[in-house]
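A.B. asks: Predicted model and sequence follow; I will ask about them next.
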Amino acid sequence: MALILPVKGMTPQMGKDCFIAPNATIVGDVQMGDECSVWFNAIIRGDVHKIRIGNRVNIQDGALIHCTYQKAFVTIGNNVSIGHHAIVHGCTLEDNVLIGMGAIVMDHAVIQSNAIVAAGAVVLENTIVESGSIYAGCPAKKVKSIDPEQTERLIHGIASNYLMYSQWFEGEINKKHD
């Protein structure tokens, strides 16, 4: 069963129909919407500041969501995919965002709606990733605009796939954590 712990009286809250992998860790001031999934070895640490997660968010294997004490919290919108081993730290991800595998998004960065951060990219502190864009590299820079096919295939397609994958575990693992 997943490690879900209160910190300083704040217990993580999950919405309806969420899949939490049995070795995921969620602690502290975390509020998660409906139809989210937190995959194997993912960590969501709301111990030093708050973390707010919308609906239909998937946090893939080994990803880390954390904050900076008293300075930078995390807000994640709806329909967001956070790739394997990505680090999302003290930043804002608006709706319909894809964070690629191994990417790092630092404090006070804002990833605007309908944007992609490429695998391995490093989004530095205070960076604004423009809506409708793909950012890549270290430090991450705009490499191109997203066309409608990429928005559908990458942003919406991956989010929908992870909702489907999480349903494969129904009955195998307790999906509802109170």
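C.D. replies: Happy to help now that I have it. Numbering: from 1, shown residues only.

A.B. asks: what's the host helix or strand of residue 159 in contact with?
C.D. replies: If you go by DSSP states H and E, residue 159 is part of helix 157-167. Identification of contacts with helix 157-167 by Cβ atoms under 8 Å, 6 or more residues apart in numbering yields 18-19, 35, 37, 56, 58, 60, 79-81, 96, 98, 175. C-beta: built from backbone N, CA, C; applies to glycine.

A.B. asks: how about a cut-off of 7 Å?
C.D. replies: 19, 35, 37, 56, 58, 79, 81, 98 (Cβ atoms under 7 Å, 6 or more residues apart in numbering).

A.B. asks: quick one: average pLDDT of it?
C.D. replies: Regarding helix 157-167, the rounded mean pLDDT is 95.

A.B. asks: Dig out what the nearest residue to residue 169 once chain neighbours are set aside forms beta bridges with.
C.D. replies: Excluding the flanking residues, the one nearest residue 169 by Cβ to Cβ, 6 or more residues apart in numbering is residue 19, at 5.7 Å. Beta-bridge partners of residue 19, counted by DSSP bridges, are residue 37.

A.B. asks: which residues touch residue 78?
C.D. replies: Shown in contact with residue 78 (Cβ under 7 Å, 6+ apart): 54-56, 95.

A.B. asks: re earlier: neighbours around the residue nearest to residue 169, how many?
C.D. replies: For residue 19, the number of neighbouring residues by other Cβ atoms under 10 Å comes to 26.

A.B. asks: So it is in contact with residue 168, correct?
C.D. replies: No. In this structure, residue 19 is not within contact of residue 168 by Cβ atoms under 7 Å, at 9.0 Å.

A.B. asks: Parallel or antiparallel, which strands does the longest strand belonging to the chain pair with?
C.D. replies: Taking DSSP state E as the criterion, the chain has its longest strand at strand 43-53. Next to strand 43-53 in the sheet, as set by DSSP bridges, lie strand 25-32 (parallel), strand 64-66 (parallel), strand 74-76 (parallel).

A.B. asks: want to throw those into JSON lines with mean neighbour count, distance to residue 153 and mean pLDDT?
C.D. replies: Listed next are these as JSON lines, based on neighbours: other Cβ atoms under 10 Å; distance: least, Cβ to Cβ, whole Å; pLDDT from 0 to 100:
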{"stretch": "strand 25-32", "mean neighbour count": "21", "distance to residue 153": "26", "mean pLDDT": "98"}
{"stretch": "strand 64-66", "mean neighbour count": "21", "distance to residue 153": "25", "mean pLDDT": "98"}
{"stretch": "strand 74-76", "mean neighbour count": "22", "distance to residue 153": "21", "mean pLDDT": "98"}
